[in-house]
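# make a model of this:
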Amino acid sequence: MRLLFLPPDTPQTARIFTPAVMQALASLAEVDRNSLSRQLTAAELLQRAAAADICVTGSGSPRIGEEVVAAAPRLRLILHAVATVKPYVSQTAWERGIVVSSGSSAIARVTAEAALALMMIGNWEAKRWSTVMAEGGWKTGDEMLPGLRGRVIGLVGFGAIAQALLPMLRPLAPARILVHSAHLDASGAAAAGVERVPLEELLSRSDIVSLQTGLTEKTRGLLNAANLPLIRDGALLVNIGRGELIDEQALAAELATGRFRAVLDVYAKEPLDPGSPLRRLANVTCFPHLGGATENGREALGSDLVENLREFLGGKTPHGLVTRERALAQSEY
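This is a model prediction of the structure:
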């Protein structure tokens, strides 16, 4: 069983594919590893794919396109080390019956943790009070913080991240959890204990609006000048999904009114322009796309990939299975 390992030899790859993970892969298959610090060229990829039964992809890997699939007659399984496979795997793979899995469940848990942290940072007004303390100040009276208990939380998107976030939110006793998702029906909402609502209703009713949906042509600019004014005064907006989900110019203009607060981890252009007004507004807290960047979270991606491989070799369906329909709904990057 030959495994073609495509991620280039970079520090980012090493954080996911630790020596223990690579040893585990080597115990299950003969590993043909890209030992270069760059992506394989098209010619190199086609040559090495010819003998591959399994392919491991990740950040920095070349796309498994139609030509690669045609050049790899033995290929049975593609294991992707991060969440979205859409930019990395051609639809031809599913057409030929190749099994595709991703680390979405592992990365979802870490990103859900980040979403919860950003909600807490926002509703405990961490930026405001750390600034007051840094400037030598103190509270002036009996100031109250919004907190999470008893709040209406609106989740935009109900994929793996939102589903991992739900059990983290429950002990904090929110008043209710609203969800807007094209992939959630009434029975699914009832089973999850959430209320399915249109986007406009979610924006107008929620004390906290959290975006963790994928980026597609349908979701690009999902929040814009037409619906951002629906967000309640005093509410909190969290974006842990993709920057392009929001029209940033419209968002900056709305936030400049001071009506609500925002904690942002992703932006339409990254790094965020040093001159962006989002960096300077007192009611905005910005992070530099740290959502999945925990030490154990990166390691978990590698371990999760190994477990998917074990399941496949044992005749089971990998728990990270990505169907063709699911891949089409995933983010573009």
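# the strands in this structure, which residues?
Ranges of strands within the chain are 2-5, 30-33, 54-57, 77-80, 99-102, 152-156, 176-180, 195-196, 208-211, 236-239, 261-264, 284-286, based on DSSP state E.
# adding mean neighbour count and distance to residue 23, write the ones you listed out as a markdown table.
For the C-beta atoms, the positions are set from N, CA and C on the backbone; glycine is no exception. Written out in a markdown table, the entries for those read as follows (neighbours: other C-beta atoms under 10 Å; distance: least, C-beta to C-beta, whole Å):
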| stretch | mean neighbour count | distance to residue 23 |
| --- | --- | --- |
| strand 2-5 | 22 | 13 |
| strand 30-33 | 16 | 10 |
| strand 54-57 | 26 | 14 |
| strand 77-80 | 26 | 16 |
| strand 99-102 | 24 | 20 |
| strand 152-156 | 25 | 39 |
| strand 176-180 | 21 | 41 |
| strand 195-196 | 17 | 45 |
| strand 208-211 | 27 | 38 |
| strand 236-239 | 27 | 38 |
| strand 261-264 | 24 | 39 |
| strand 284-286 | 20 | 39 |
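# which one of the ones you listed lies nearest to residue 140?
strand 261-264 (19.4 Å; C-beta to C-beta).
# got a list of contacts for that closest one?
118-119, 121-122, 125, 235-239, 243, 251, 255, 278, 283-287 (C-beta atoms under 8 Å, 6 or more residues apart in numbering).
# can I get stretch 274-294 in PDB, CA atoms only?
The C-alpha atoms that make up stretch 274-294 are tabulated as PDB, following Å, rounded to 0.1, in the frame of the first residue of the first chain:
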ATOM      1  CA  PRO A 274      -2.900  48.600   8.500                       C
ATOM      2  CA  GLY A 275      -5.100  51.600   7.600                       C
ATOM      3  CA  SER A 276      -8.300  49.700   8.000                       C
ATOM      4  CA  PRO A 277     -10.800  51.500  10.200                       C
ATOM      5  CA  LEU A 278     -11.600  48.100  11.800                       C
ATOM      6  CA  ARG A 279      -8.300  48.300  13.600                       C
ATOM      7  CA  ARG A 280      -9.000  51.700  15.100                       C
ATOM      8  CA  LEU A 281     -12.600  51.500  16.200                       C
ATOM      9  CA  ALA A 282     -13.000  51.300  20.000                       C
ATOM     10  CA  ASN A 283     -15.900  48.900  19.700                       C
ATOM     11  CA  VAL A 284     -14.000  46.400  17.500                       C
ATOM     12  CA  THR A 285     -11.500  43.800  18.700                       C
ATOM     13  CA  CYS A 286      -9.400  42.300  15.900                       C
ATOM     14  CA  PHE A 287      -7.400  39.000  15.900                       C
ATOM     15  CA  PRO A 288      -5.000  38.000  13.100                       C
ATOM     16  CA  HIS A 289      -6.800  34.800  11.900                       C
ATOM     17  CA  LEU A 290      -5.900  32.700  14.900                       C
ATOM     18  CA  GLY A 291      -9.100  30.600  14.900                       C
ATOM     19  CA  GLY A 292      -7.500  27.100  14.700                       C
ATOM     20  CA  ALA A 293      -4.000  27.900  15.900                       C
ATOM     21  CA  THR A 294      -3.800  26.000  19.200                       C
END
